[in-house]
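1. The following comprises the amino acid sequence and a computationally predicted model.
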Amino acid sequence: MDTPIRFVKGIGPRKEKLLKKIGIFSLKDLLYYFPRKYQDRRELSLIGEVKEGRFYLVKAEPISLQARKPFRGRKALLEALLRDSSGTILSVWFNQPYLKNYLKKNQFYYFYGRVQRYKGRLQFISPEFEEADFVENFKIKGIVPFYRLTQNLTQKNLRSLIFTCLDKYRGKLLEPLPFEIRKRFGFPNIYQALKNIHFPPDFEEIKQARRRFIFEEFFLLQILIYRRKAEVRLKKREPLNFSPSQIERIKKNLEFTLTEDQEKALGEIISDIGSPYRTSRLLQGDTGCGKTVVVALASFLTAKNGFQSAFMVPTEVLAFQHRENLKKLAKGLNIRIELISSATPSKKKKEIFKKVSEGRVDIIVGTHALLNEDLKFKNLRFIVIDEQHRFGVGQRVLLAKKGQTSSIVIMSATPIPRSLALTLYSDLEVSLIKSYPRQRKPPLTQIIEERDKVYQFIREKVKEGQQAYIIYALVEGEEDSELESAVKMYEKLTEEFKPFKVGLLHGRLSSSQKEKVLRDFRKGKIKILVSTSVVEVGVDVPQATVMVVENPERFGLAQLHQLRGRVMRSSQASYFFMVVNKDLPYSARRRLEVIAQNCDGFKIAEEDLKLRGPGDILGTLQSGYLPKSILQPQQDLELLHKARYSAFQIIRKDPFLQRRENQGIREFLKEKQDRCMLWLGG
């Protein structure tokens with residue numbers, strides 16, 4: 001199964017290169033390269049029944065063949081007159097004269113293609129064909145699979161290769177699901193499942209195979225998670241005891257009181273940091289709920305006990321924001337905080353690295369620059385990864401390796417329904433912050449078509465001393481030219497809102513340009529900020545109380561909710577307007593109404609799950625072969641829960657997978673472990 005693809009018979013250097021382009025490096029990759037869609041070609045028609053404009057499958061024999069050479073710029077043409085018991089029809093192929101060598105008169109073939117009318121006569125236009133008695137006529141007849149390809153790789157070639165390998169290596173297929181599990185859930189064995197997902201006899205068999213592979217993927221992931229949990233308990237570190245008086249002194253430094261949820265989460269994280277074992281925790285909280293304050297206090301306590309903390313964030317804008325907030329919260333505590341990013345000058349970077357290695361920095365905040373191999377910590381104890389889905393799995397692992405026994409907190413303001421989180425993050429403890437600080441109020445949220453009214457509202461609020469965001473999906477010259485871009489509209493809005501100063505922010509600006517724009521916006525020099533979704537996470541400007549999002553249907557629900565969080569940074573009344581066109585489709589408006597009617601991120605996540613299923617959430621969590629396209633709506637959640645429970649039962653009875661019936665799992669995981677552990681951060 002792990003045979004490199006170049007050693008599979010029939011695959012030369014050219015084909016190997018093409019297969020690697022679509023992610024196929026081994027025999028297992030090939031067999032687990034599932035179709036993206038299917039076409040039902042089971043119905044065989046007679047030539048006498050065909051009508052213009054439809055696709056048909058017919059079984060016929062060519063009774064005449066004629067190839068015409070190109071003449072005065074015209075295309076080369078191959079014509080074949082096809083005959084069956086009901087009549088004849090002409091078939092034409094353009095610029096494919098070589099096909100004449102594959103067609104023989106008075107021999108039956110299956111032809112599949114569209115029928116069109118030309119000069120009053122029905123004809124097939126460039127149909128596919130295959131010999132009627134050929135063993136591989138599945139390539140044209142039946143329920144036909146279609147795969148994602150690359151240039152110069154054809155559907156026929158890939159189908160034939162998968163068919164040949166599946167047959168040839170049938171006896172060498174590893175079965176990762178024990179017989180008892182397959183029997184309990186009615187799953188086909190590995191060979192039957194692979195055969196049915198690639199070359200199904202009917203759609204019910206596809207459904208059963210799909211269910212099996214979804215279960216298999218998450219079952220194996222859960223096995224790894226439970227084994228990893230057991231291994232973590234074997235690695236001990238020095239425990240820390242935080243005194244209640246020390247904790248209270250740190251909290252008293254705040255200018256406000258923590259909410260009940262914040263208190264609980266802080267207690268759980270402090271307990272993790274003090275534990276004699278390495279810990280991992282997911283800190284989930286709605287946008288604006290005060291997650292940063294919680295991890296900041298935990299890092300201050302860590303510093304007061306002689307250990308270091310690292311905060312890794314996805315953008316320079318957010319890194320700068322975190323550094324400023326940490327400094328504000330740490331005022332008077334003598335906590336040494338540094339910032340590092342790709343924009344940090346080389347000389348300054350070396351100075352910071354030296355200070356960190358000598359223990360003269362308590363907290364370091366940074367982007368992926370923290371992964372620099374020259375950055376060595378003296379005693380890293382606490383790692384915070386903010387908005388973890390924005391990092392590659394490999395990046396998270398590299399940071400974790402800088403503190404082999406560190407406690408890790410992954411912060412996410414993208415709420416995942418608890419039922420799904422417990423399955424996907426079962427290797428992590430989960431802390432939830434659902435309540436908002438008392439001084440914060442949810443914004444008035446509306447779907448609106450009258451742009452002029454919104455602009456007038458912005459003018460009134462700016463006159464009152466407040467600020468506003470106007471958000472666009474595009475920067476400039478991207479995708480759909482009919483959509484307004486941030487750059488183009490910035491020029492128009494500068495005129496529209498005179499004399500108020502309008503600023504522009506997007507991801508293509510340099511670090512120093514972004515920092516200057518945000519600094520001017522915070523200081524109130526910029527009154528209206530035109531931006532892309534770069535402000536989605538972390539930008540904290542209390543006087544910005546109005547946000548307008550153009551073409552909101554272009555954003556995901558979680559993204560819209562994150563954007564709305566930018567105007568929930570103070571006790572002032574705030575406003576969130578989604579400006580749409582009158583002809584917006586009903587389905588898109590229905591999605592936006594979820595945002596308009598809810599300010600609870602967890603409820604929004606649940607609604608999003610009902611509307612679209614877990615595919616988008618799961619798409620970021622792929623650890624092995626399972627393609628995102630195979631994941632479908634809500635019923636898959638039940639499979640995930642079953643996979644989790646089944647894995648738990650096996651590890652409870654056989655933690656080291658020594659039993660004979662679990663050898664398939666053990667062997668399968670040898671290859672799979674590296675992929676999965678990248679996701680797990682082990």
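-> It's in.
2. tell me the secondary structure for Val549?
-> Using DSSP: H, G, I helix; E, B strand; the rest coil, the three-state assignment for Val549 comes out as strand.
3. so what's it closest to, chain neighbours aside?
-> In space, Val549 comes closest to Ile471 once its chain neighbours are excluded; the distance is 4.6 Å by C-beta to C-beta, 6 or more residues apart in numbering. To be clear about C-beta, it is placed using only N, CA and C from the backbone, and glycine gets the same treatment.
4. ok, the one you found - contacts?
-> Counting by C-beta atoms under 8 Å, 6 or more residues apart in numbering, Ile471 makes contact with Ser531, Thr532, Ser533, Val535, Met547, Val548, Val549, Glu550, Leu563.
5. residues in contact with the third one?
-> Contact partners of Ser533, counting by C-beta under 8 Å, 6+ apart, are Ile471, Ala473, Phe555, Gln559, Leu563.
6. Please look at Lys9 and Lys168 and confirm they touch.
-> Yes - contact criterion C-beta atoms under 8 Å: Lys9 and Lys168 qualify, at 7.5 Å.
7. More neighbours: these two, which one.
-> More crowded of Lys9 and Lys168, by other C-beta atoms under 10 Å: Lys168, with 13 against 7.
8. any idea of the pLDDT on that one?
-> Note for Lys168: predicted pLDDT of 91.
9. related to what we said a few turns ago, farthest-apart pair in the contacts of Ser533, please.
-> When those are compared pair by pair using C-beta to C-beta, the two farthest from each other are Ala473 and Leu563, 11.0 Å apart.
10. more neighbours, the two?
-> Leu563 (25 against 21).
11. which residue packs closest to Glu238, ignoring adjacent ones?
-> Using C-beta to C-beta, 6+ apart and skipping residues adjacent in sequence, the residue nearest Glu238 is Pro276, 7.4 Å away.
12. any low-confidence regions in the stretch 251-400 of the chain?
-> In the prediction, the stretch 251-400 of the chain carries residues with pLDDT under 70 at positions 387-400.
13. Could you rerun that using 80?
-> For the stretch 251-400 of the chain, the stretches flagged by pLDDT under 80 are 286-288, 315, 317, 387-400.
14. Could you pull out the helices in it for me?
-> Counting by DSSP state H, counting those that start in this stretch, the stretch 251-400 of the chain has these helices, from start to end: 260-274, 291-304, 316-329, 346-357, 393-401.
15. Dump those helices to CSV, plus distance to Pro127.
-> Converted to CSV, the helices of the stretch 251-400 of the chain look like this (distance: least, C-beta to C-beta, whole Å):
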stretch, distance to Pro127
helix 260-274, 63
helix 291-304, 59
helix 316-329, 55
helix 346-357, 63
helix 393-401, 45
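16. hey, which of those helices is tucked in deepest?
-> Of all the helices of the stretch 251-400 of the chain, helix 291-304 has the most neighbours on average by mean count of other C-beta atoms under 10 Å, namely a mean of 24.
17. isn't Leu370 right next to Val361, touching?
-> No - with contact defined as C-beta under 8 Å, Leu370 does not reach Val361; the gap is 11.9 Å.
18. burial count for the spatially closest residue to Asn106 that is not a sequence neighbour?
-> Nearest-residue entry for Asn106: Glu61, 5.5 Å, with adjacent residues in sequence omitted and distances by C-beta to C-beta, 6+ apart. Residues contacting Glu61 under the criterion other C-beta under 10 Å number 17.
19. quick one: contacts for Glu61?
-> Contacts of Glu61 (C-beta under 8 Å, 6+ apart): Leu82, Arg83, Asp84, Lys105, Asn106, Gln107, Phe108, Tyr109.
20. Which residue lies closest in space to the fourth one, excluding its sequence neighbours?
-> Spelled out, that is Lys105. Pro62 (5.5 Å).
21. which SSE is the one you found in?
-> Secondary structure here is read from DSSP states H and E; on that basis Pro62 sits in strand 55-68.
22. That strand: which residues count as buried?
-> Of the residues in strand 55-68, those buried by neighbour count under the rule 16 or more other C-beta atoms under 10 Å are Tyr56, Leu57, Val58, Lys59, Ala60, Glu61, Pro62.
23. cool, stretch 159-166 as well?
-> In terms of neighbour count (16+ other C-beta under 10 Å), stretch 159-166 has its buried residues at Arg159, Leu161, Ile162, Phe163, Cys165, Leu166.
24. How about residues contacting it?
-> 8, 10-11, 27, 30-31, 33, 136, 138-139, 144-145, 147, 191, 194-195, 198-199.
25. now, which of those residues lie within helices?
-> Among the contacts of stretch 159-166, the ones falling in helices (DSSP state H) are Leu27, Leu30, Leu31, Tyr191, Leu194, Lys195, His198.
26. which one of the contacts of Ser533 is nearest Lys236?
-> Lowest distance from Lys236 to those (C-beta to C-beta) belongs to Gln559, with 41.5 Å.
27. okay, now that closest one: neighbour count?
-> Per other C-beta under 10 Å, the neighbour tally for Gln559 reads 17.
28. Compare the helices of the stretch 251-400 of the chain and give me the one nearest Leu77.
-> helix 393-401 (52.5 Å).
29. what's downstream of the closest one, the next helix or strand?
-> Of the helices and strands lying after helix 393-401 in sequence (DSSP H and E), the nearest is strand 407-412.
30. ok, so of the buried residues of stretch 159-166, who is nearest Tyr118?
-> Closest approach between these and Tyr118, by C-beta to C-beta: Arg159, at 30.4 Å.
31. tell me which element the closest one is part of?
-> Taking DSSP H and E as the definition, Arg159 sits inside helix 155-168.
32. cool, Gln663 as well?
-> According to DSSP H and E, Gln663 maps onto helix 663-680.
33. quick one: contacts for Pro201?
-> By C-beta under 8 Å, 6+ apart, Pro201 lies in contact with Gly142, Ile143.
34. What helix or strand is it located in?
-> Under the assignment given by DSSP H and E, Pro201 is not contained in any helix or strand.
35. Can you give me the distance of it to Leu30?
-> Computed as C-beta to C-beta, to the nearest Å, the Pro201 to Leu30 distance reads 22 Å.
36. What sits closest to Cys600 if chain neighbours are left out?
-> Not Cys; residue 600 is Asp. Nearest residue to Asp600 in three dimensions, chain neighbours excluded: Asp286, at 6.9 Å (C-beta to C-beta, 6+ apart).
37. Please identify which of the contacts of Glu61 is nearest to Ala132.
-> Distances from Ala132 to those, taken as C-beta to C-beta, are shortest for Phe108 (4.1 Å).
38. Excluding covalently adjacent residues, which one is nearest to the closest one?
-> If the residues on either side of it in the chain are set aside, Phe108 comes closest to Ala132, at 4.1 Å by C-beta to C-beta, 6+ apart.
39. Next one: that neighbour relative to Leu44, how far apart?
-> Using C-beta to C-beta, one obtains 11 Å as the distance from Ala132 to Leu44.
40. Quick check on those two: which one has the bigger neighbour count.
-> Shown here are Ala132 and Leu44; by other C-beta under 10 Å, Ala132 has more neighbours (16 against 12).
41. Test my guess that that one contacts Lys59.
-> Yes - the criterion here is C-beta under 8 Å, and Ala132 meets it with Lys59 at 5.7 Å.
42. who touches both of the two?
-> Phe108, Tyr109, Tyr110.
43. So Ser407 sits against Phe382, correct?
-> Yes - counting by C-beta under 8 Å, Ser407 touches Phe382, with 5.5 Å between them.
44. Neighbour count for these two, which is higher?
-> Applying other C-beta under 10 Å to Ser407 and Phe382 shows that Ser407 carries more neighbours, namely 28 against 25.
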